[in-house]
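A.B. asks: next come a sequence and a model predicted from it.
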Amino acid sequence: MNVYLFAAVILLLPALCTALGAAGVFLVRRADEPRTRRMLCGMAAGIMLAASVWSLLLPAIERAEAGTLPVWLAPAVGLVLGAVGLLRLEEAAGRLMHTGSKEDGRMGRVVLAVTLHNLPEGMVVGLAAALALQGEPEAVSGALALQGEPEAVSGALALALGIGLQNIPEGAAVSLPLAQAGQGRRKAFCAGAASGLVEPLGALLALALAGWVSAALPWLMSAAAGCMVCVTAQEMIPEAVEQDEPAGVISVVLGFALMMALDIAL
């Protein structure tokens with residue numbers, strides 16, 4: 001495979017899938033109705049909770065098992081540090097996060113949490129690409145071809161595809177609540193798509209600093225999970241279960257089941 005094509009797929013596929021999910025905002029009608037708003041917030045909350053477990057905490061535990069520290073340390077401490085760090089960041093950046101209405105501040109926290117969650121996912125893809133590129137590229141018909149192990153190349157592509165498919169509902173989890181909060185559909189789509197742009201940056205960082213990033217990944221992934229759990233408990237679930245609406249509770253479960261099924265299947 002051509003090196004440049006491989007790099008483009010690895011770097012851009014997850015972010016493109018996030019934008020695809022965010023585009024769902026153009027398909028949803030009557031997003032401003034109270035019941036629809038609760039259901040959308042519930043779906044987003046379930047998706048974010050499941051992503052924090054299967055996409056972040058479980059992989060962090062697996063990576064921590066290969067280290068010298070106790071296996072529980074990085075996932076548990078990182079989770080708490082991520083949640084506390086998000087609250088402190090929100091407090092320190094109060095003017096930015098709370099400029100305008102209270103709803104604007106709430107949605108700003110949601111976008112921030114999903115964006116922070118995407119950074120370590122991009123690093124995981126970058127590490128897989130680094131493994132595939134360990135062999136020296138050779139010229140084939142005037143182009144550069146990969147010389148890494150075929151299993152590593154196919155594994156990196158599969159990982160990028162898997163994370164990309166997981167990102168589709170995550171993009172919707174950002175754009176749909178923004179739309180129901182009164183933001184324009186185009187603005188909501190741009191915010192959802194932008195939340196995935198940190199993944200190529202994370203992948204490039206991991207490619208450049210593969211050894212250091214690999215050692216820090218359990219902490220980074222757990223901290224990102226803490227951010228997601230914090231903002232879900234603080235903002236999304238209370239909105240979904242307002243007035244004890246059963247539809248909101250069911251939506252949380254359905255969102256969790258959807259993201260869990262994607263993570264297990266992929």
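C.D. replies: Thanks, I have the structure now.

A.B. asks: report the secondary structure state of residue 247.
C.D. replies: The assignment at residue 247 comes out as helix when based on DSSP: H, G, I helix; E, B strand; the rest coil.

A.B. asks: same deal with the one 10 residues further on?
C.D. replies: Reduced to three states with three-state DSSP, the structure at residue 257 is helix.

A.B. asks: so what's the residue count around it?
C.D. replies: With neighbours defined by other Cβ atoms under 10 Å, the count for residue 257 comes to 13. Bear in mind the C-beta positions are built from the backbone N, C-alpha and C, glycine included.

A.B. asks: now swap in residue 208 and tell me
C.D. replies: Neighbour count for residue 208, taken as other Cβ under 10 Å: 11.

A.B. asks: hey, where'd the helices end up in this structure?
C.D. replies: 3-22, 34-50, 58-64, 73-92, 94-97, 102-132, 150-180, 185-194, 198-208, 210-231, 237-240, 246-265 (DSSP state H).

A.B. asks: could you check how far the third one is from the centre of its chain?
C.D. replies: From the chain centre to the centre of helix 58-64 is a distance of 16 Å (Cα atoms, centre = their mean, to the nearest Å).

A.B. asks: and what of stretch 116-135?
C.D. replies: What separates the centre of stretch 116-135 from the centre of its chain is 14 Å, taken as Cα atoms, centre = their mean.

A.B. asks: swap in stretch 219-233?
C.D. replies: Centroid displacement of stretch 219-233 relative to its chain, using Cα atoms, centre = their mean, is 10 Å.

A.B. asks: list the contacts for the most centrally placed residue in the chain?
C.D. replies: Geometric centre of the chain, nearest residue: residue 118, 3.5 Å, by Cα atoms, centre = their mean. Contacts for residue 118 (Cβ atoms under 8 Å, 6 or more residues apart in numbering) come out as 14, 18, 167, 170, 195-196, 198-199, 202.

A.B. asks: can you dump the C-alpha atoms of stretch 256-266 in PDB for me?
C.D. replies: Coordinates of the C-alpha atoms in stretch 256-266 are reproduced here as PDB (Å, rounded to 0.1, in the frame of the first residue of the first chain):
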ATOM      1  CA  PHE A 256     -25.600   3.100  26.000                       C
ATOM      2  CA  ALA A 257     -26.700  -0.100  24.300                       C
ATOM      3  CA  LEU A 258     -25.900   1.300  20.800                       C
ATOM      4  CA  MET A 259     -22.400   2.400  21.700                       C
ATOM      5  CA  MET A 260     -21.700  -0.800  23.700                       C
ATOM      6  CA  ALA A 261     -22.800  -2.900  20.700                       C
ATOM      7  CA  LEU A 262     -20.500  -0.900  18.300                       C
ATOM      8  CA  ASP A 263     -17.500  -1.200  20.600                       C
ATOM      9  CA  ILE A 264     -18.000  -5.000  21.200                       C
ATOM     10  CA  ALA A 265     -18.700  -5.700  17.500                       C
ATOM     11  CA  LEU A 266     -15.700  -3.700  16.400                       C
END
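
A.B. asks: mind showing which ranges of the stretch 51-200 of the chain have poor pLDDT?
C.D. replies: Residue ranges of the stretch 51-200 of the chain with pLDDT under 70: 90-110, 133-152, 155.
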